[in-house]
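# prediction below, plus the sequence it came from.
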Number of protein chains: 2
Amino acid sequence: MSEVKTVKYSFEKLRDFSQRTFEHFGVPSIDAKLASEVLSMSDLRGIDSHGVARLHTYFDMLDNGRINPKPNIKIIRESLSTATVDGDNGLGLVVGPRANDIAMNKATEAGTGWVSVSNTNHYGIAAYYVIKALEKDLIGWSMTNTTKLVSPLWGAERMLGTNPISIAFPGNEEPPIIIDLATCAAAYGKIEIANRRSEEIPEGWAIDSKGNQTTKPKEMIDGGALLPLGSERDKGGHKGYGLAIMVDFLCAVLSGANWGPFTPPFALRQEIPKKSVGKGIGHFFGAMRIDAFIDLDDFKNQTDDYIRTMRSTKPAPKTDGPLIPGDPEREAEKIRSKEGIPLVEPVIEELNDISAKTGIPFD
Amino acid sequence: MSEVKTVKYSFEKLRDFSQRTFEHFGVPSIDAKLASEVLSMSDLRGIDSHGVARLHTYFDMLDNGRINPKPNIKIIRESLSTATVDGDNGLGLVVGPRANDIAMNKATEAGTGWVSVSNTNHYGIAAYYVIKALEKDLIGWSMTNTTKLVSPLWGAERMLGTNPISIAFPGNEEPPIIIDLATCAAAYGKIEIANRRSEEIPEGWAIDSKGNQTTKPKEMIDGGALLPLGSERDKGGHKGYGLAIMVDFLCAVLSGANWGPFTPPFALRQEIPKKSVGKGIGHFFGAMRIDAFIDLDDFKNQTDDYIRTMRSTKPAPKTDGPLIPGDPEREAEKIRSKEGIPLVEPVIEELNDISAKTGIPFD
């Protein structure tokens, strides 16, 4: 396993380059700023797969007219605590934050706010949205469905997205608990990395195109599928499958977006499904006012106690004991905000390609 | 593996015996009827661990004054879409349905309703509550925290409950999708069965008292712990751990109930934790009016399409292809409502013991 060569770039430089790239396609400055903020947070938190490494895909989609740079984002139905939003095929990085704002505003009046979104696209990291809610002392929820990549338990093909769930709870002296998990056993990015390094993957991650479990990453990539969280029946694979369905329903069936195998892909090279059952992909946001349930200070103090209690768990052998959800990302942010974002050569090449095509200076 | 001997009893007989048992302790008839309905649904749906097999524990808890037979269930805080309920240490089988009703009523006005409950006890199967919501064309959510049994990832002791999540979506011509999953890899009941049969358990289910993975059920029972869904870091064990925390927060930190290792046990023989951080255990219920988001008929037709699409997935080798969440329970209900509920000898003995102590005729 050879060390991958990286070059570090400042967070601000990457954020500004992203913003100018979006603006190049006519995305209004205020939206371009928002979109670049979502991407940057991903880079800062160490989720490399969802930051500027995706910028070229956004570039392609905008360049090919597959994403609307100036969407007219609309509430198409609402109640005191809910709204259904049509994203007008805008950037998910813009539609997502706007819909999340609607959920948070609803919570102010009704105690909670819940927004299901159709006609949208890839929205970055799910955690971005719940972190925004934390800033207002709200419990935020964020989910999205995604392009098919995961097989149902006992299936032999891609039928579901990686359909992440994120939720966060604020502490007082302790940092917040930030849960952000895809409902599959392992991320596709890990399969790609293993493939590039010609390494095997653990059992329980993937099946080949015939539906048999495989430890060869290439067999998953060539028409295989990821397995749901739990991997197999014995270990709760039906549970990960159930959670993926839950996310699909809240994001897409409830909003009128595409679901399951009919979600449009987020890449030019991937085939567009022959059947459409809705508009674009879907997101789901929730915001809960803590003080609608209990005193905010009491809640935050209990969170502190909760975190300290879990950290004091007797550690399993050869470990430092349990982490708190959000710890690894917080650690990455501490380092990267000082030292910069490490980019691998292929990502730098993509950014240079955007620079060459748009005239926006990069390197 | 020898076939376990069972005797079949009619659903109605068991339900009525349960009701009379609750009434014996002064539980008002209307509440006793409700509680026995929750237990019976579990037996009907094939979840043997949560039906009359638990009646003796309820009996013990009532007999020892550990559960209040006549609780004054109160809303202690509310907003348009939320309520916090104090269950006054009543039966979870009574407090749960009442709190679920509050969530459903809130949804009528506000589009959604969300209720966090403290000072309550074991509430039966999580699916009962979402099935009640289905009867009103609502999307129901149900969660509860439970006595500690599960270790955090990288921990070596019991710190969390099995903390289940249930949610359901109604179909039109197809039956509803009913998701009901504990956030651990495997149920404790499976460990007990393997232990009785002197069989090994699969890797990924449990750790021993030192925190090492074990395939010996007895090592888990004697001071070990269950593993969270995902089992280990590589396969997403941090995700199951995160989901368990989510349930704990929504049920207990938000309501003022006990959480994590401080949840009181639901059995006389288990030790009561030395520290208390709230009242009783906690539940969380949600109800979402579908027509607050989208036309109800459109939603139900999409559910039908969703179910048919998933059923048409290419099957994995040696399987009949993916199931829909709720299928196994529906199948059990079909058989058991005709043929009766099969009870094993130890459960029959417990019911006879209740009969002897209360004078309520059973066998």
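Great, that's in hand.
# chain B contacts on the stretch 251-363 of chain A?
A:253-256, A:259-261, A:277-278, A:288-290, A:292-294, A:298-299, A:302-303, A:305-306, A:309-310, A:313-317, A:319-323, A:325 (C-beta under 8 Å from any C-beta of the partner chain). Every C-beta, even on glycine, is put in place using the N, C-alpha and C of the backbone.
# buried subset of these as a PyMOL selection?
For the buried members of those, the matching PyMOL selection, counting by 16 or more other C-beta atoms under 10 Å in any protein chain shown, is:
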select buried, chain A and resi 253+254+255+256+259+260+261+277+278+288+289+290+292+293+294+299+302+303+305+306+309+310+313+315+316+321+322+323+325
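# and the residues of the stretch 251-363 of chain A next to chain B, which of them are in helices?
The members of those that map onto helices under DSSP state H are A:Asp298, A:Phe299, A:Gln302, A:Thr303, A:Asp305, A:Tyr306, A:Thr309, A:Met310.
# residues touching the last one, list them.
In this case it means A:Met310. If a contact means C-beta atoms under 8 Å, 6 or more residues apart in numbering or on different chains, then A:Met310 has A:Pro322, A:Ile324, B:Pro152, B:Gly155, B:Met159, B:Ile245, B:Gly260 as its contacts.
# possible to save those residues as TSV with pLDDT and distance to B:Arg54?
Shown next, in TSV, are the contacts of A:Met310 (pLDDT from 0 to 100; distance: C-beta to C-beta, whole Å):
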residue	pLDDT	distance to B:Arg54
A:Pro322	98	30
A:Ile324	98	33
B:Pro152	98	27
B:Gly155	98	28
B:Met159	98	24
B:Ile245	98	26
B:Gly260	98	23
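# and those as TSV, adding distance to A:Leu93?
Formatted as TSV, the contacts of A:Met310 follow (distance: C-beta to C-beta, whole Å):
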residue	distance to A:Leu93
A:Pro322	33
A:Ile324	27
B:Pro152	33
B:Gly155	37
B:Met159	37
B:Ile245	28
B:Gly260	36
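# can you pick the most crowded of those residues?
Among those, B:Pro152 has the most neighbours (other C-beta atoms under 10 Å in any protein chain shown), with 30 neighbours.
# touching, A:Trp345 and A:Leu351? I think so.
To be clear, residue A:345 is Glu; Trp isn't right here. No: judged on C-beta atoms under 8 Å, A:Glu345 makes no contact with A:Leu351 at a distance of 10.9 Å.
# mind checking which of the two has more residues around it?
A count of neighbours by other C-beta under 10 Å puts A:Leu351 above the other of A:Glu345 and A:Leu351, at 23 against 11.
# quick check: closest non-adjacent residue to A:Lys148.
Of all residues not flanking A:Lys148 in the chain, A:Arg158 sits nearest, at 4.2 Å (C-beta to C-beta, 6 or more residues apart in numbering or on different chains).
# what pLDDT does that neighbour get?
A:Arg158 is assigned a pLDDT of 98 by the prediction.
# all strands of the stretch 151-300 of chain A, in order?
A:165-169, A:177-181, A:206-207, A:213-214, A:225-226, A:281-289 (DSSP state E, counting those that start in this stretch).
# what's the distance between A:Leu226 and A:Arg197?
18 Å (C-beta to C-beta, to the nearest Å).
# A:Arg77 too?
49 Å.
# pull the number of nearby residues for the nearest residue to A:Lys70 once chain neighbours are set aside.
In this structure, A:Lys70 finds its nearest non-sequential neighbour in A:Gly26, 6.2 Å apart by C-beta to C-beta, 6+ apart. Counted by other C-beta under 10 Å, the residues lying close to A:Gly26 total 12.
# does A:Gly26 count as helix, strand or coil?
coil (DSSP: H, G, I helix; E, B strand; the rest coil).
# what backbone torsions are found at it?
Backbone torsions of A:Gly26, given as degrees, to the nearest 10, read phi 90, psi 10.
# my read: it touches A:Pro69, true?
Yes: if you go by C-beta under 8 Å, A:Gly26 and A:Pro69 touch, sitting 4.4 Å apart.
# rewinding a little: okay, the ones in helices among the residues of the stretch 251-363 of chain A next to chain B in CSV with pLDDT next?
Below are those laid out as CSV (pLDDT from 0 to 100):
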residue, pLDDT
A:Asp298, 98
A:Phe299, 98
A:Gln302, 98
A:Thr303, 98
A:Asp305, 98
A:Tyr306, 98
A:Thr309, 98
A:Met310, 98
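# comparing A:Leu226 and A:Arg197, which residue is more hemmed in?
Shown here are A:Leu226 and A:Arg197; by other C-beta under 10 Å, A:Leu226 has more neighbours (28 against 12).
# and the contacts of the strand or helix carrying A:Ile354?
Per DSSP states H and E: A:Ile354 is located in helix A:345-358. Contact partners of helix A:345-358, identified using C-beta under 8 Å, 6+ apart, comprise A:5, A:7, A:17, A:20-21, A:24, A:52-53, A:55-56, A:59, A:343, A:360-363.
# just the ones in helices among the residues of the stretch 251-363 of chain A next to chain B now: which is nearest chain B?
The closest of those to chain B turns out to be A:Gln302 (C-beta to the nearest C-beta; 4.9 Å).
# that closest one: what's it in contact with?
Applying C-beta under 8 Å, 6+ apart, the residues near A:Gln302 are B:Val253, B:Trp259, B:Val277, B:Gly278.
# would you list the phi and psi of the spatially most central residue of chain A?
Computing the C-alpha centroid of chain A and ranking residues by C-alpha atoms, centre = their mean puts A:Ile125 first, at 3.1 Å. Main-chain torsions, A:Ile125, degrees, to the nearest 10: phi -80, psi 140.
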